[in-house]
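Chemist: Predicted structure and sequence below. I'll ask about it afterward.
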Amino acid sequence: MTTSPKSYSLNKTHFFKNKTLSALSIAGVAVTLGLAGCSNNETADAAASADPAASGEAQNIELLNVSYDVARDFYKDYNPMFVEHYQAENPNANINIKQSHGGSSKQALSVANGLQADVATMNQGSDIELLQKEGLVADDWEQQFPDNAVPFTSTIVFLVRKDNPKNINDWEDLTKDGVEIVMANPKVTGNGRYAFLGAYGYGLHAFDNNEDNAQNYVRDMLKNVKVYENGGRAATTTFVQRGIGDVLVTFENEANLAATKFGQGQVDIVYPNYSIKSESPVAIVNAVTEKKGTTDAAKAYLDYLWSEPAQQLAANLYLRPSVQSVLDKNGDKLPPIETFRPNDTFGSWDEIMSNFFSDNGVFDQLAVNAPQ
């Protein structure tokens with residue numbers, strides 16, 4: 001699914017459409033900012049430039065944020081907010097933010113293969129660690145921002161048909177005969193990996209850390225998966241718009257956006273009693289910013305994620321703010337849920353990726369017709 005690009009220019013406090021189109025291409029992977037885009041990587045021109053005449057000679061800055069699939073809604077609103085803030089503090093700067101969205105790990109690979117991202121905003125630590133190993137991101141990237149460079153988190157919940165006709169209330173109900181599950185592909189997407197690890201973690205929790213029983217549970221659950229999609233938003237489209245499946249296993253923020261916007265009146269959200277905590281780390285791609293001279297602007301872009309306006313925007317879009325005071329103010333839309341961190345239960349992301357998602361790893365062993 002691709003969307004037409006949007007570009008906004010800032011003149012004091014007003015934004016208007018700009019018809020300028022641009023394109024990026026790398027090593028056979030195209031990121032199209034025009035009316036067409038590649039199927040696995042959606043892009044949108046999301047921010048703005050000031051009127052150079054207002055302040056004489058202006059500094060032109062362009063940043064590319066390469067991000068995961070379902071973060072598009074947050075950054076669509078965050079980018080103009082940041083541009084207004086940045087240009088208020090830097091009146092001689094024209095700053096333009098471009099977006100690229102797709103499956104988190106595919107996006108990380110695109111950056112590793114040459115996509116000129118200034119910042120990477122992913123949904124699992126392994127994707128930033130990949131860029132670190134490639135020498136694109138600093139070794140101390142987690143220490144460059146608060147909360148180990150995680151501005152907000154989410155968790156895995158269930159999206160079901162209106163009035164929950166299959167009576168799905170917790171993880172064990174996903175193994176019922178006749179229940180059809182839609183989820184993102186754990187082999188290529190963070191959304192799918194968190195869903196799989198959430199199920200596995202539930203199995204360990206429910207069966208007193210008995211690995212055999214946990215794996216039996218996960219195997220039974222995966223038998224009911226009807227569709228593995230190539231991204232979180234694609235999975236939502238399959239469930240909501242194409243009407244396939246009885247339950248979508250996905251991030252809390254994605255489920256809420258479906259329930260309140262494009263699936264309003266058609267679906268309900270079910271919170272399991274115990275689920276996984278997903279973290280969305282961010283990092284400056286220093287190898288790119290140092291070459292372009294955009295390091296300071298890239299840092300300002302990520303720093304502002306911890307501002308109160310940005311944290312409230314995250315809460316408005318059902319992401320869990322890392323700033324506790326903002327999270328506390330939004331308890332009505334983000335109810336308390338017992339969660340576990342995947343690294344505390346399964347080890348480092350290197351260990352998780354090797355043990356669970358490598359070829360013939362645990363996921364391949366447990367899944368019927370595992371996607372490749």
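Modeler: Cool, got the structure. Numbering: from 1, shown residues only.

Chemist: which residues of the stretch 151-300 of the chain fall in strands?
Modeler: 152-161, 181-184, 225-229, 247-251, 267-270, 274-279, 282-284 (DSSP state E, counting those that start in this stretch).

Chemist: Kindly state which of those strands is positioned closest to E142.
Modeler: strand 282-284 (8.3 Å; C-beta to C-beta). Bear in mind the C-beta positions are built from the backbone N, C-alpha and C, glycine included.

Chemist: Could you check how far the closest one is from the centre of its chain?
Modeler: With C-alpha atoms, centre = their mean, to the nearest Å as the basis, strand 282-284 stands 14 Å off its chain's centre.

Chemist: Give me the domain ranges for the chain.
Modeler: The chain breaks down by automatic domain parsing into domains covering 8-151+280-306, 154-278+338-366.

Chemist: Return the distance of the shortest one from the chain's centre.
Modeler: Taking the mean of its C-alpha atoms, domain 154-278+338-366 sits 15 Å from the chain's own mean (C-alpha atoms, centre = their mean).

Chemist: picking that back up, put together JSON lines for the domains of the chain, with distance to A315 and mean neighbour count on each row.
Modeler: Below are the domains of the chain laid out as JSON lines (distance: least, C-beta to C-beta, whole Å; neighbours: other C-beta atoms under 10 Å):
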{"stretch": "domain 8-151+280-306", "distance to A315": "11", "mean neighbour count": "19"}
{"stretch": "domain 154-278+338-366", "distance to A315": "10", "mean neighbour count": "20"}
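
Chemist: can I get the ones you listed in TSV with distance to N316 and mean pLDDT?
Modeler: Converted to TSV, those look like this (distance: least, C-beta to C-beta, whole Å; pLDDT from 0 to 100):
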stretch	distance to N316	mean pLDDT
domain 8-151+280-306	8	78
domain 154-278+338-366	10	95
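
Chemist: how about a markdown table for these, with distance to V323 added?
Modeler: Below are the domains of the chain laid out as a markdown table (distance: least, C-beta to C-beta, whole Å):
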| stretch | distance to V323 |
| --- | --- |
| domain 8-151+280-306 | 6 |
| domain 154-278+338-366 | 15 |
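
Chemist: contacting residues around Q107?
Modeler: N41, V66, S67, Y68, S100, H101, A120, M122, D127 (C-beta atoms under 8 Å, 6 or more residues apart in numbering).

Chemist: Out of the residues you listed, list just those in helices.
Modeler: Among the contacts of Q107, DSSP state H puts D127 in helices.

Chemist: any idea which of the contacts of Q107 is closest to V362?
Modeler: Distances from V362 to those, taken by C-beta to C-beta, are shortest for D127, at 19.7 Å.

Chemist: Next, work out how far apart the closest one and R193 are.
Modeler: Distance of D127 to R193, given as C-beta to C-beta, to the nearest Å: 10 Å.

Chemist: Tell me if I'm right that V227 and G245 touch.
Modeler: Yes. Here V227 reaches G245: they are 6.5 Å apart, a contact under C-beta atoms under 8 Å.

Chemist: what touches both of these two?
Modeler: V182, T238.

Chemist: returning to that earlier point: among the strands of the stretch 151-300 of the chain, which comes closest to H85?
Modeler: Judging these by C-beta to C-beta, what sits closest to H85 is strand 282-284, at 16.8 Å.

Chemist: Sheet partners, orientation included, of that closest one?
Modeler: Sheet pairing here is set by DSSP bridges, and for strand 282-284 it gives strand 119-121 (antiparallel).

Chemist: which residues are contacting the strand it pairs with?
Modeler: Taking contacts as C-beta under 8 Å, 6+ apart, the residues outside strand 119-121 that touch it are 63-68, 71, 75, 107-108, 111, 127-128, 131, 137, 280-285, 298, 301-302.

Chemist: Repeat that for stretch 159-172.
Modeler: 158, 173-174, 176, 178-179, 198-199, 202-203, 206, 217, 221, 236, 239-240, 246-248, 250, 255, 258-259, 263, 265-270, 272-274.
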